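> Take this sequence and fold it.
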Amino acid sequence: MATTLKKKEKIDKKAEKAAVVADITARLKASSTAVLADYRGMTVGQMRDLRSKLKGGGIEMVVVKNTLARRAAKAAGYEPLNAELVGPIAMLFAADDVSAPARILNDFIRANRKMVIKAGLLEGQLIKAAAVTELADLPSREVLLSRLLGAMQAPLGYLASVLQAPIVKFARTLDAVRSQKESPSPAPAPAAS
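Numbers count the residues shown, from 1 in each chain. Here you go, the predicted structure:
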């Protein structure tokens, strides 16, 4: 009976590991950005604080065994990522804003000096730690969209003012003519003899 329980536990663990690999594979495929960071020396409180900051930015952080992460990277087609999966690694995933995980993690590292960025994935391409740090310096998606909108509106505003200028000039001319006609005309000067 004890051997039956052990076999069942092994089957359960295999199924659990397969589920973890499938989950990480799906996250790697679905995310536009993934960042790998070494989290040695972090306390549970710091990890909780980081998770809450990331969650506010729409980013998920997963800590998983490297062997399972390597299997997931291979299944997702990111085998070059395996070289970076050494030591205690936290994986951060973002679907929308490509710079958000790098930016939030970089701010956290500046404040706590506990984590080290190892590498990342950007639109399916492996990037080094320096490139992840550069990615952190990019403005957020909302800022970039507002700048784009401002750049698109500026020529339209200029066009509107250019088109409006002749109408305003015409209106001023008409007002000047009306003012001139309404004002009493001065008496003619006597002619010199």
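> Would you mind listing the buried residues in whatever helix or strand Leu68 lives in?
Assigned by DSSP states H and E, Leu68 belongs to helix 66-76. By 16 or more other CB atoms under 10 Å, the buried positions in helix 66-76 come out as 68-73, 75-76. The way it works is simple: take the backbone N, C-alpha and C, and place the C-beta from them, glycine included.
> And stretch 112-128, by the same measure?
So for stretch 112-128, counting by 16+ other CB under 10 Å, buried means 114-115, 117-122, 126-127.
> and the buried residues of helix 66-76, which two are the farthest apart?
Using CB to CB, the buried residues of helix 66-76 span at most 12.5 Å, a distance reached by Leu68 and Ala76.
> does the residue nearest to the spatial centre of the chain sit in a helix, a strand or a coil?
Nearest to the geometric centre of the chain sits Asp97, at 2.6 Å (CA atoms, centre = their mean). Here Asp97 is coil, with the state taken from DSSP: H, G, I helix; E, B strand; the rest coil.
> Please look at it and Gly58 and confirm they touch.
Yes. The criterion here is CB atoms under 8 Å, and Asp97 meets it with Gly58 at 7.0 Å.
> any chance you could map the helices in this structure?
Ranges of helices in the chain, per DSSP state H, are 2-30, 44-56, 66-76, 100-112, 129-136, 141-182.
> Please convert those helices to JSON lines, extending it with mean pLDDT and distance to Leu92.
Listed next are the helices of the chain as JSON lines, based on pLDDT from 0 to 100; distance: least, CB to CB, whole Å:
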{"stretch": "helix 2-30", "mean pLDDT": "81", "distance to Leu92": "10"}
{"stretch": "helix 44-56", "mean pLDDT": "86", "distance to Leu92": "7"}
{"stretch": "helix 66-76", "mean pLDDT": "89", "distance to Leu92": "13"}
{"stretch": "helix 100-112", "mean pLDDT": "83", "distance to Leu92": "4"}
{"stretch": "helix 129-136", "mean pLDDT": "80", "distance to Leu92": "10"}
{"stretch": "helix 141-182", "mean pLDDT": "77", "distance to Leu92": "16"}
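> can you list the domains in this protein?
Here the domain assignment for the chain is 2-138, 139-177, based on automatic domain parsing.
> So which of the ones you listed is nearest Ser183?
Closest among the domains of the chain, using CB to CB: domain 139-177, at 10.8 Å.
> Please give the centre-to-centre distance between that closest one and its chain.
Domain 139-177 sits 31 Å away from the centroid of its parent chain (CA atoms, centre = their mean, to the nearest Å).
> do the same with stretch 84-95
18 Å.
> cool, and stretch 76-86?
Using CA atoms, centre = their mean, the offset of stretch 76-86 from its chain centre is 23 Å.
> May I see the buried residues of that stretch?
Neighbour-count burial for stretch 76-86 [16+ other CB under 10 Å]: 76, 78, 81, 84-85.
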